[in-house]
Structures are given as structure tokens and as C-alpha cells.
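Q: Structure here, sequence nowhere to be found:
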């Protein structure tokens with residue numbers, strides 16, 4: 001019970017500090033005396049205790065602001081890393097960043113969701129980020145996928161890997177590559193590039209920094225979305241993000 005009260009108090013203090021910032025800009029706030037600030041915080045504290053229903057909403061606002069700050073510091077790696085595959089769409093006003101593993105069952109459901117999204121909305125761009133965390137074969141598949149970009153076959157190979165229902169092996173990855181129109185010998189040679197290992201380490205550090213611990217994971221606008229999202233939910237997030245951008 002004491003722990004719950006302590007946590008509740010911390011939450012109220014944090015929310016009070018946040019709400020205090022909306023009273024005005026820093027110049028206006030500096031005009032308050034110490035006693036006035038204390039009185040304002042006391043009023044907010046009492047209001048929150050009397051109206052606890054607003055606490056979840058304010059916590060969500062705090063989380064959203066925190067996510068926005070984190071993502072602001074990771075713009076280059078998120079959107080311009082120079083090695084992730086990006087769909088071309090000059091008309092796009094929304095970018096979805098997806099993190100995935102080719103051995104992840106939930107990740108294999110994402111292509112159908114994306115297909116439905118792209119049919120309904122022609123202003124979406126997708127950045128595909130390899131995040132092999134489930135098995136050694138995942139890393140092999142990710143390196144093969146990155147190498148396939150050189151042969152202009154990434155999407156064919158990516159979708160074929162996602163459609164595969166068997167546990168991946170190096171041999172199976174190469175067979176899927178061949179079936180997708182890739183030259184195996186060239187692919188194997190390209191995969192030996194040590195830069196791919198460096199690129200994967202960069203992405204793994206990125207997800208640690210932004211708070212994604214599994215696959216799939218998404219970034220849309222200022223939202224960090226861990227876990228699979230069905231079409232309806234993802235469409236709702238996209239619509240809201242676009243509305244916020246245009247407001």
C-alpha cells in the first residue's frame with residue numbers, strides 16, 4: 001500500500017510539473033513568485049486528487065512528448081541511414097518505419113496490412129529496417145535482404161521471406177533468393193561486405209534508444225509503436241498523424 005501511495009505521489013508530482021508548463025511560456029512563468037508557484041502546484045495537486053480520471057490522459061501526453069523528444073534525436077538514423085530500403089513515393093506525407101525479423105510470426109502478417117494500407121492511401125512511404133534478434137538465421141536473412149538491394153530485388157525477396165512458413169536456414173534463404181530472381185553467387189559475394197554487420201549494429205542500438213525491444217515495431221510521426229498493429233489501428237494512427245501535421 002505504501003508503495004502504491006509513493007508511486008501515485010510521484011505521478012502526481014510529474015503531472016503537476018507538466019501541467020504547470022501550460023500556464024504560459026518561460027517568460028510568463030518567471031514572473032510568478034515562489035509562493036505563487038507553490039500555490040499553483042498545490043491547486044493542481046488537489047485538482048488531480050479530486051479528478052483522478054484525467055491522470056491516464058495526461059500520462060499519455062507525457063509519454064507522447066517523451067517519444068517525440070527521443071525521435072527528434074534519432075532523425076538521421078530513422079529516415080536517412082543510407083542502407084535501409086525505402087519505397088519511392090514523391091507524394092508521400094506519411095512515413096512508416098518498420099523493424100522486423102524474418103523469423104517473426106507477427107512480422108509475417110505485416111505485408112498484408114501494408115498492402116491494404118497502400119491500396120487505400122497513396123501518400124505513404126515505408127522504410128524497411130532489418131532487426132534480426134530471434135535466431136542466427138535471422139541475421140543471415142537480413143544481410144541477404146540488404147545485399148539484394150544491389151540487384152534491385154529487395155521487395156520480391158523480402159515478401160518471399162515473409163511468406164515462408166518454415167524455420168529459416170542459410171540454405172533456405174539462398175533458395176528463396178534464387179526463386180525471387182536473385183543471382184546466388186553475386187548475393188553471397190555482396191553479403192560478405194562487413195558494412196552490413198555495422199549497419200545491423202546501428203539499427204539494434206537505435207531500437208534500444210527509442211524503446212523498441214521486439215518485432216515488429218513501428219515509428220509513425222512522433223509515435224513509437226511496439227508490436228503488431230492490425231490494419232484498422234494502423235490506419236487510425238496514420239489518419240491522426242496526418243491530421244496533426246496539417247493542423
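A: The structure has been received and is ready for your questions. All values derive from a computational prediction rather than experimental measurement. Numbers count the residues shown, from 1 in each chain.

Q: Below-threshold pLDDT in this protein: ranges please.
A: Residue ranges of the chain with pLDDT under 70: 1-32, 54-73.

Q: could you redo the last one with a cut-off of 80?
A: Residue ranges of the chain with pLDDT under 80: 1-34, 36-74, 246-247.

Q: For the residue in the chain sticking out farthest from the centre, give its distance to residue 42.
A: Computed with Cα atoms, centre = their mean, the residue of the chain farthest from its C-alpha average is residue 35, at 42.6 Å. To residue 42, residue 35 is 10 Å away according to Cβ to Cβ, to the nearest Å. To be clear about C-beta, it is placed using only N, CA and C from the backbone, and glycine gets the same treatment.

Q: One more: residue 158?
A: The gap separating residue 158 from residue 42 is 56 Å, by Cβ to Cβ.

Q: Same drill for those two, tell me which one is more crowded.
A: residue 158 (21 against 11; other Cβ atoms under 10 Å).

Q: what's the closest non-adjacent residue to that one?
A: Nearest residue to residue 158 in three dimensions, chain neighbours excluded: residue 145, at 5.8 Å (Cβ to Cβ, 6 or more residues apart in numbering).

Q: Would you tell me what helix or strand residue 42 is located in?
A: Assigned by DSSP states H and E, residue 42 belongs to helix 34-50.

Q: Can you list the buried residues in that helix?
A: Applying a neighbour-count criterion of 16 or more other Cβ atoms under 10 Å, the buried positions in helix 34-50 are 40-41, 44-45, 48.

Q: closest to residue 193 among those?
A: In terms of Cβ to Cβ, no member of the buried residues of helix 34-50 lies closer to residue 193 than residue 48, at 55.3 Å.

Q: Now do the helices for the protein: every range, in order, please.
A: For the chain, applying DSSP state H gives helices covering 2-21, 26-29, 34-50, 55-72, 75-79, 110-120, 136-148, 154-163, 170-179, 184-191, 195-210, 231-246.

Q: what's the offset of stretch 193-204 from the middle of its chain?
A: Stretch 193-204 sits 19 Å away from the centroid of its parent chain (Cα atoms, centre = their mean, to the nearest Å).

Q: Other residues contacting that stretch?
A: Counting contacts by Cβ atoms under 8 Å, 6 or more residues apart in numbering, the residues outside stretch 193-204 that touch it are 77, 81, 83-84, 99, 129-133, 139, 142-143, 146-147.

Q: Try it again at 6 Å.
A: Residues outside stretch 193-204 that contact it (Cβ atoms under 6 Å, 6 or more residues apart in numbering): 83, 129, 131, 143, 146.

Q: and the third one, how many neighbours does it have?
A: So that's residue 131. For residue 131, the neighbour count with other Cβ under 10 Å is 24.
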